[in-house]
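# Below are the sequence and a predicted model for it; my questions follow.
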Amino acid sequence: MMNKVGIIGLGHVGATTALLMAQRGKVGKMVLVDQNTAKVKSEQLDLQDQIAQLATDTSVVVQDYDSEQWDKITDLDVLIFCPGKIAALIDHGGNRDYELNITSQIVKEVAPKIKASKFAGIIVTITNPCDVIARLLQEQTGFDQQRIVGTGTSLETARMRHAVGAATGHNYHDVQGYVFGEHGDSMFPVWSSVQIAGKPITDFDVNLSQLKQQIVTGGYTIMDGKHYTNNGIATRANLTTEAILSDAKRALPVSAYDPDFKLYIGQLAIVGKNGIEKLVKLSLNKSEQHEYQIASKAIQANYEKVK
Ligand SMILES: NC(=O)c1ccc[n+]([C@@H]2O[C@H](COP(=O)([O-])OP(=O)(O)OC[C@H]3O[C@@H](n4cnc5c(N)ncnc54)[C@H](O)[C@@H]3O)[C@@H](O)[C@H]2O)c1
């Protein structure tokens with residue numbers, strides 16, 4: 001059966017996600033949605049120019065933003081949510097919290113349209129601040145918590161694997177482990193989960209606090225030079241979407257609802273056709289438990305500003 005995926009927000013992130021999706025060829029139908037009707041039409045045409053040169057088959061259609069009923073998204077399997085205004089962060093060093101007022105309003109506008117469309121699939125949400133937006137989307141669509149998957153700290157987990165590989169002289173593919181918590185300044189590498197070619201990171205002579213700093217500020221470093229980030233997150237969006245489409249039941253560090261803290265936060269969860277199929281509770285050490293609590297407080301504080 002043909003896989004059908006929608007992308008809401010065709011900015012740097014959405015357009016790159018669409019480009020990769022067409023190249024990967026796992027989706028038969030892509031539906032694009034953006035408030036900027038001229039831009040989304042151009043993206044559709046540009047993607048069609050791309051697709052005609054590929055050995056893959058994807059039809060690309062546009063959902064008219066202003067139409068009463070978003071009927072083109074009704075039967076989609078996955079909806080990738082990435083509207084926003086990245087330019088709002090430029091004067092704030094890339095701090096994701098400065099988008100909250102704008103993106104919480106976007107959720108208010110778009111969630112009722114998604115709900116009214118009777119879309120019955122899974123939302124993969126990227127928009128920042130990611131954990132708060134995941135919660136607002138869940139509350140305002142009324143969807144089951146498991147149907148909202150935030151990309152959360154999955155991007156920083158990839159960044160951690162690269163940084164640890166470089167610091168230890170190993171290939172990044174041989175680094176396992178996760179970054180948890182807020183997709184924001186209070187995220188933290190779960191060092192007790194990190195192994196390099198089967199050995200715990202504590203066996204290596206590396207400066208963990210320096211590495212942590214590099215991982216936490218990595219997004220800002222990219223923002224400094226190009227004023228947006230797209231390649232890493234667009235890849236992540238595709239891989240997470242594919243895990244859902246193929247019911248892969250992958251353990252991924254995503255933003256999922258934590259029933260103890262009653263919010264969405266970066267943690268390990270099994271991702272499959274139902275979205276978050278199950279949480280995987282890692283046994284965090286005392287200091288990691290403390291960091292998880294600090295992260296949950298930071299997420300809650302942002303939520304309080306816009307709830
Ligand atoms: N979670 C992550 O790891 C991660 C990484 C990178 C970017 N982001 C976030 O992703 C979002 C998008 O980033 P970007 O660089 O593509 O931003 P951008 O400013 O380039 O593009 C945003 C797009 O959203 C559209 N839009 C705005 N309001 C809309 C609405 N109500 N409905 C539909 N579309 C609307 C705009 O027209 C624009 O095309 C931002 O919130 C950004 O912070 C998250």
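That came in fine, so what should we check first?
# Show the contacting residues for Asn231.
Counting by CB atoms under 8 Å, 6 or more residues apart in numbering, Asn231 touches Thr16. In this view, the C-beta of every residue, glycine as well, is placed from N, C-alpha and C.
# Mind doing that once more with 10 Å?
With contacts defined as CB atoms under 10 Å, 6 or more residues apart in numbering, Asn231 is in contact with 12-13, 16, 20, 222.
# Just give me the closest of the residues you listed to Thr74.
Among the contacts of Asn231, Val13 lies closest to Thr74 (CB to CB), at 23.7 Å.
# And for the closest one, the neighbour number?
For Val13, the neighbour count with other CB atoms under 10 Å is 26.
# Surely it and Thr125 touch.
No. Counting by CB atoms under 10 Å, Val13 stays clear of Thr125, with 11.3 Å between them.
# shared neighbours, the two?
Counting by CB under 10 Å, 6+ apart, the residues touching both Val13 and Thr125 are 80, 82, 151, 237.
# give me the residue from this structure nearest the ligand.
The ligand sits closest to Gly11 of the chain, with a gap of 1.7 Å, by CB to the nearest ligand atom.
# list the contacts for the residue lying closest to Leu208 once chain neighbours are set aside?
Of all residues not flanking Leu208 in the chain, Trp191 sits nearest, at 6.0 Å (CB to CB, 6 or more residues apart in numbering). Shown in contact with Trp191 (CB under 10 Å, 6+ apart): 160, 164, 177-178, 200-202, 208, 211-212, 285, 287-288.
# Now render those residues as JSON lines, adding neighbour count.
Shown next, in JSON lines, are the contacts of Trp191 (neighbours: other CB atoms under 10 Å):
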{"residue": "Met160", "neighbour count": "28"}
{"residue": "Val164", "neighbour count": "27"}
{"residue": "Gly177", "neighbour count": "20"}
{"residue": "Tyr178", "neighbour count": "25"}
{"residue": "Pro200", "neighbour count": "13"}
{"residue": "Ile201", "neighbour count": "21"}
{"residue": "Thr202", "neighbour count": "10"}
{"residue": "Leu208", "neighbour count": "15"}
{"residue": "Leu211", "neighbour count": "20"}
{"residue": "Lys212", "neighbour count": "18"}
{"residue": "Asn285", "neighbour count": "12"}
{"residue": "Ser287", "neighbour count": "11"}
{"residue": "Glu288", "neighbour count": "19"}
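# Quick check: strands, which of the residues you listed are part of them?
Pro200 (DSSP state E).
# Let me have the contacts of Trp191 in CSV, extended by pLDDT.
Formatted as CSV, those follow (pLDDT from 0 to 100):
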residue, pLDDT
Met160, 98
Val164, 98
Gly177, 98
Tyr178, 98
Pro200, 98
Ile201, 98
Thr202, 95
Leu208, 97
Leu211, 97
Lys212, 97
Asn285, 98
Ser287, 98
Glu288, 98
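# how far away is the nearest residue to His183 once chain neighbours are set aside from His290?
Once flanking residues are discounted, His183 sits nearest to Cys130: 3.9 Å by CB to CB, 6+ apart. Using CB to CB, to the nearest Å, we find Cys130 at a distance of 22 Å from His290.
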